[in-house]
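Asker: give the three-dimensional model of this entry:
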Amino acid sequence: MGFRKQLTVVIYTSTLVLLLATPQPASCASPSHEERFLNRIIKIVKTNYVREVNESELIQNAVEGLVKSVDPYAAYLTPKMLPEYKLRTAQPFGPLGLALSMDEGILTVVAVADDSPAYEAGIESKDKIVKLDDQMTKGFTVMEAWKKLDGPADSQISLTLVKNKTHKIKTVKVKRHLYSLVPLRVKDLGNGYLYVRISDFQETTEAALKRALKTADENNQLQGIILDLRDNPGGLLDRCLKIVSLFTDKGPACYAERRASKKEDLTAPKNSSHFGTDMAVLINEGTAGGAEVIAGALQDHDRALIFGDQSFGNASIQKFIPLSNGAAISLTTAYLHTPKGKNIFKNGITPDLPHKNSDGEVLQISEPNAKDEEKFKRGYPDKDPLVGMALKWLKSGKRVADSRNVKE
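Answerer: You can find the predicted model right below:
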């Protein structure tokens, strides 16, 4: 396999996935007019088309079209597709280190894993993938794209992109290779200030972070934390809520908007260790899903000042619904909102302080990749402008509410 292998169950990138085993009730009702009409269409096609038609494939295509017409993030999964689907939804980053989603039917990059083949090729969040080798991606599902992107180590694939920032078409050749994604990095910035980078919400991330914070607090008496969620494509909701619980005991952490505008508060679990230290959170266009939930909760509860760029806007809940034929449907059942009611889906999280210099001019901070290695080094205040800004603010002692540019 030409991508990172991982043993632990991790997070889905484009949306927050709840794998639910919901039994399907048997229906005793007579077929409706619409059902009879659909059956009639299938019979007409089957008996009149110039070539023989496989009825199972015809019905499968009809079901796929039905769910996608309602929900562009939905999927009809055949029994053969299920093992691959569960594997992919457990890992936010697929082949080449790309977390992908569909945006209005177009294959879109959510985030890029550090030091991955895609990272080295300069691929960025919100780039549109319009062609893989010589094959157009129109009509592709994310699973089909993953299958095409995968391949043996040292082989190459050509990606034709519409770049997000310039809207220009660019073709890049990417060499596949194994890479290692470190889910949690912690760096002592001195004088009680800590830099924490979460790139992947694994099962052990919350416990590892808690240990790191305790150690730092005992050794240096924590003065401030910089939580870096840039290029984090999201995660299983329960794991993200556990991260929220380390920094605030206020609730809710977010709420889910279900059909008919029904709202459900989602509260972070009580945590025996609570760190009330001043915080800055870093986000960018590659911050999505569960990472946006964390940023939104800490922002709305006045626990952290948010630095960076508007986040991706991809926080929703998908329900996995098994069917009687061994297949399943994955369907969006809720959109996630911040505690103060801001809809994250399609809108994202707005930073309190966009990256600006002392004159108020927006800094053009390029996304880190191998070509910028000499200019940019993630997590180092002198080579990562956003970290430098956040550290300066933490040391100023200003309150979160007094430092905001964002109007409620």
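Asker: going forward, measure contacts and count neighbours with C-alpha atoms only.
Answerer: Will do.
Asker: which residues in the stretch 1-150 of the chain form helices?
Answerer: Read by DSSP state H, counting those that start in this stretch, the stretch 1-150 of the chain holds these helices, from start to end of the chain: 33-48, 55-70, 82-89, 117-120, 142-149.
Asker: in the fourth one, which residues are buried?
Answerer: Under the neighbour-count criterion of 16 or more other C-alpha atoms under 10 Å, helix 117-120 has Pro117, Ala118, Tyr119, Glu120 buried.
Asker: again with the second one
Answerer: When neighbours are counted by 16+ other C-alpha under 10 Å, the buried residues of helix 55-70 are found to be Glu64, Val67.
Asker: can you check the last one too?
Answerer: By neighbour count, and taking 16+ other C-alpha under 10 Å as the criterion, the buried residues in helix 142-149 are Val142, Met143, Ala145, Trp146, Leu149.
Asker: contact partners for the third one?
Answerer: This points to Ala145. By C-alpha atoms under 8 Å, 6 or more residues apart in numbering, the contact set of Ala145 is Thr137.
Asker: from the buried residues of helix 117-120, which is closest to Lys138?
Answerer: Comparing the buried residues of helix 117-120 against Lys138 with C-alpha to C-alpha places Ala118 closest, at 20.6 Å.
Asker: longest strand in this structure, please.
Answerer: The strand spanning the most residues in the chain, taking DSSP state E as the definition, is strand 328-337.
Asker: and for Asn54, the neighbour number?
Answerer: Here the count is done by other C-alpha atoms under 10 Å, and Asn54 has 9 residues near it.
Asker: any idea how far Val45 is from it?
Answerer: 10 Å (C-alpha to C-alpha, to the nearest Å).
Asker: what of Leu229?
Answerer: Distance, Leu229 to Val45, by C-alpha to C-alpha: 51 Å.
Asker: and Gly122, by the same measure?
Answerer: Here the distance between Gly122 and Val45 works out to 47 Å (C-alpha to C-alpha).
Asker: which helix or which strand is home to the residue nearest the centre of the chain?
Answerer: If you average the C-alpha coordinates of the chain and look for the closest C-alpha using C-alpha atoms, centre = their mean, you land on Pro233, 2.6 Å from that point. With elements taken from DSSP states H and E, nothing contains Pro233; it lies in neither a helix nor a strand.
Asker: can you name every helix or strand that the longest strand of the chain contacts?
Answerer: Contacts defined by 3 or more C-alpha pairs under 8 Å, 6 or more residues apart in numbering; DSSP states H and E place strand 328-337 against strand 75-77, strand 254-257, strand 316-322.
Asker: average pLDDT across the shortest one?
Answerer: Spelled out, it's strand 75-77. Confidence over strand 75-77 (mean pLDDT, whole number) is 88.
Asker: so what does that strand touch, helix or strand wise?
Answerer: In this structure, strand 75-77 packs against helix 55-70, strand 328-337, with contacts taken as 3+ C-alpha pairs under 8 Å, 6+ apart.
Asker: try it again at 6 Å.
Answerer: strand 328-337 (3 or more C-alpha pairs under 6 Å, 6 or more residues apart in numbering; DSSP states H and E).
Asker: that older thread, to Ala390, which of the helices of the stretch 1-150 of the chain lies closest?
Answerer: Each of the helices of the stretch 1-150 of the chain was scored for nearness to Ala390 using C-alpha to C-alpha, and the closest is helix 117-120 (24.4 Å).
Asker: follow-up on the earlier one: just put the helices and strands packed on strand 328-337 in TSV and tack on mean neighbour count and distance to Asp238.
Answerer: Listed next are the helices and strands packed on strand 328-337 as TSV, based on neighbours: other C-alpha atoms under 10 Å; distance: least, C-alpha to C-alpha, whole Å:
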stretch	mean neighbour count	distance to Asp238
strand 75-77	22	23
strand 254-257	23	12
strand 316-322	21	12
